[in-house]
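Novice: Here is a sequence with its predicted model. Questions after.
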Amino acid sequence: MSSDIVVVGSLNIDMVVKINRKPEWGETILGSDLFMSPGGKGGNQAYAAGKLDASVAMIGRVGNDVFANQLLQNMQKVGVDTSYIGRVENVSTGVAFINISENGDNSIIVAPGANNLVTPEYVREHEHVIAQAKLVMVQLEIPLESVIETAKIAKKYDVPFMLDPAPARVLPDELYEMVHYIVPNEKEISEITNIEVSDIRSARMASVELLRKGVNTVFSKLGGQGVVVTNSNRTFSIDGYDVQVVDTTAAGDAFAGALATALVRGNDTWSATQFANAVGALTVTRSGAQASMPDLIETQQFIKHSTQQ
Ligand code: RIB
């Protein structure tokens, strides 16, 4: 059975702990409120779209351990087709160690485990799944060669390719030329363009640099400052929502999953961005990655009753 959105990416179990400050090398500090929950940038984006009732499949790999069961069951609960997620013996499922500060910011260390085995060959084995999609989403927690392979397959079948350049790294020009939508946050767009982004003006400048490299549309996520969207026809910005921030983990993933959902439903760029902006804002009001994501009804109510900054 084909799915509208296909996510090729990572699945991690997140080990989350609250801290007052980061430890120095050689130092032990005490944290609090430990919890474990399903995450991974790929899994989160697939989950976000599934929770918003999109038709989604995921291509990825997990170990043969209890973490894998938890991840797969969680995605199946929101209707994500997990039949292209392979189990690998003798390798751990991906794990992310996440520290949350008092104001809700996070820092993340990922041990990729089975995510590193999402190889170009593995992607090619699932060419038929990508070929039938309306949109393909990829992040950078799987090998870069596999990201490029996915983009090539998407291009071959004329399927729009959305890249979340996270965690940020230098990317080859051949990849940018195949990217339809890119969804960096301000840190990531600064890193991949070498232009320091801190506001709407600098986000536009950096976006133009990505258009020059061949990207079709850039969605720069500026956290509380909202989103700046730029393509060759127009540029516009959408304000952030005034919400109580509890945990920013996976807000970008929720944005990407919601954006993909709205675009495959035929929404124009402006209304798709409005929708994704609301989903991202709701996600920061709760703890966890997939655990914090809203469904369609909650999102619609939020858009109706909330004010943007
Ligand atoms: O984007 C948030 C995600 O990054 C977390 O769920 C964690 O698993 C890391 O991949």
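Specialist: Great, that's in hand. Residues are numbered from 1 along each chain as shown.

Novice: Bridged to the residue of the stretch 1-150 of the chain found nearest the ligand, which residues?
Specialist: As assessed by C-beta to the nearest ligand atom, the ligand sits closest to residue 39 within the stretch 1-150 of the chain, at 2.4 Å. Yep, even glycine has a C-beta here, placed from its N, CA and C like the rest. Beta-bridge partners for residue 39, by DSSP bridges, are residue 12.

Novice: Next: residue 135.
Specialist: Beta-bridge pairing of residue 135 under DSSP bridges involves residue 5.

Novice: isn't it right next to residue 163, touching?
Specialist: No. Counting by C-beta atoms under 8 Å, residue 135 stays clear of residue 163, with 11.6 Å between them.

Novice: How many residues are close by the residue of the stretch 1-150 of the chain closest to the ligand?
Specialist: Neighbour count of residue 39, defined by other C-beta atoms under 10 Å: 31.

Novice: pretty sure it is touching residue 12, no?
Specialist: Yes. The pair residue 39 / residue 12 is scored as a contact, 4.9 Å apart, by C-beta under 8 Å.

Novice: what's the overlap in contacts for these two?
Specialist: residue 96 (C-beta atoms under 8 Å, 6 or more residues apart in numbering).

Novice: Could you check stretch 298-309 and say which residues are buried?
Specialist: Applying a neighbour-count criterion of 16 or more other C-beta atoms under 10 Å, the buried positions in stretch 298-309 are 299, 302-303.

Novice: Check stretch 125-144 too.
Specialist: Residues of stretch 125-144 classed as buried by neighbour count (16+ other C-beta under 10 Å): 126, 129-131, 133-143.

Novice: In strands only, show me the buried residues of stretch 298-309.
Specialist: Taking DSSP state E, every one of the buried residues of stretch 298-309 sits outside strands.

Novice: which one of those residues sits closest to the ligand?
Specialist: residue 299 (19.0 Å).

Novice: wait, what's in contact with the closest one?
Specialist: Counting by C-beta under 8 Å, 6+ apart, residue 299 has contacts 52, 258, 275, 278-279, 282.

Novice: The same query, at a cut-off of 10 Å, please.
Specialist: 51-52, 254, 258, 261, 275-276, 278-279, 281-282, 293 (C-beta atoms under 10 Å, 6 or more residues apart in numbering).

Novice: try residue 38
Specialist: Contact analysis of residue 38 by C-beta under 10 Å, 6+ apart lists 11-14, 44, 47, 67, 70-75, 77, 288-291.

Novice: The same query, at a cut-off of 7 Å, please.
Specialist: Contact analysis of residue 38 by C-beta atoms under 7 Å, 6 or more residues apart in numbering lists 13, 70-71, 74, 289-290.

Novice: One more: residue 129?
Specialist: 6, 57, 59, 84.

Novice: three-state assignment of it?
Specialist: Residue 129 falls in the helix class when you classify it by DSSP: H, G, I helix; E, B strand; the rest coil.

Novice: Mind giving me the packing neighbours of the helix or strand where residue 205 lies?
Specialist: In the assignment (DSSP states H and E), residue 205 maps to helix 200-212. Contact here means 3 or more C-beta pairs under 7 Å, 6 or more residues apart in numbering; DSSP states H and E; on that basis helix 200-212 packs against helix 186-193, strand 217-221, strand 227-231.

Novice: got the ones you listed as JSON lines, with mean pLDDT and distance to residue 170 columns?
Specialist: Formatted as JSON lines, the helices and strands packed on helix 200-212 follow (pLDDT from 0 to 100; distance: least, C-beta to C-beta, whole Å):
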{"stretch": "helix 186-193", "mean pLDDT": "97", "distance to residue 170": "7"}
{"stretch": "strand 217-221", "mean pLDDT": "98", "distance to residue 170": "17"}
{"stretch": "strand 227-231", "mean pLDDT": "97", "distance to residue 170": "21"}
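
Novice: JSON lines for those, including distance to the ligand?
Specialist: Shown next, in JSON lines, are the helices and strands packed on helix 200-212 (distance: least, C-beta to the nearest ligand atom, whole Å):
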{"stretch": "helix 186-193", "distance to the ligand": "11"}
{"stretch": "strand 217-221", "distance to the ligand": "12"}
{"stretch": "strand 227-231", "distance to the ligand": "17"}
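
Novice: highest average neighbour count across those?
Specialist: strand 217-221 (a mean of 26; mean count of other C-beta atoms under 10 Å).

Novice: circling back to that earlier point, which of the contacts of residue 299 are close to the ligand?
Specialist: For the ligand, no contacts are drawn from these by C-beta under 6 Å from any ligand atom.

Novice: In a markdown table: the residues you listed, plus neighbour count, pLDDT and secondary structure.
Specialist: Shown next, in a markdown table, are the contacts of residue 299 (neighbours: other C-beta atoms under 10 Å; pLDDT from 0 to 100; DSSP: H, G, I helix; E, B strand; the rest coil):
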| residue | neighbour count | pLDDT | secondary structure |
| --- | --- | --- | --- |
| 51 | 26 | 98 | helix |
| 52 | 25 | 98 | coil |
| 254 | 31 | 98 | helix |
| 258 | 31 | 98 | helix |
| 261 | 28 | 98 | helix |
| 275 | 23 | 97 | helix |
| 276 | 29 | 98 | helix |
| 278 | 26 | 97 | helix |
| 279 | 30 | 98 | helix |
| 281 | 26 | 96 | helix |
| 282 | 24 | 97 | helix |
| 293 | 28 | 97 | coil |
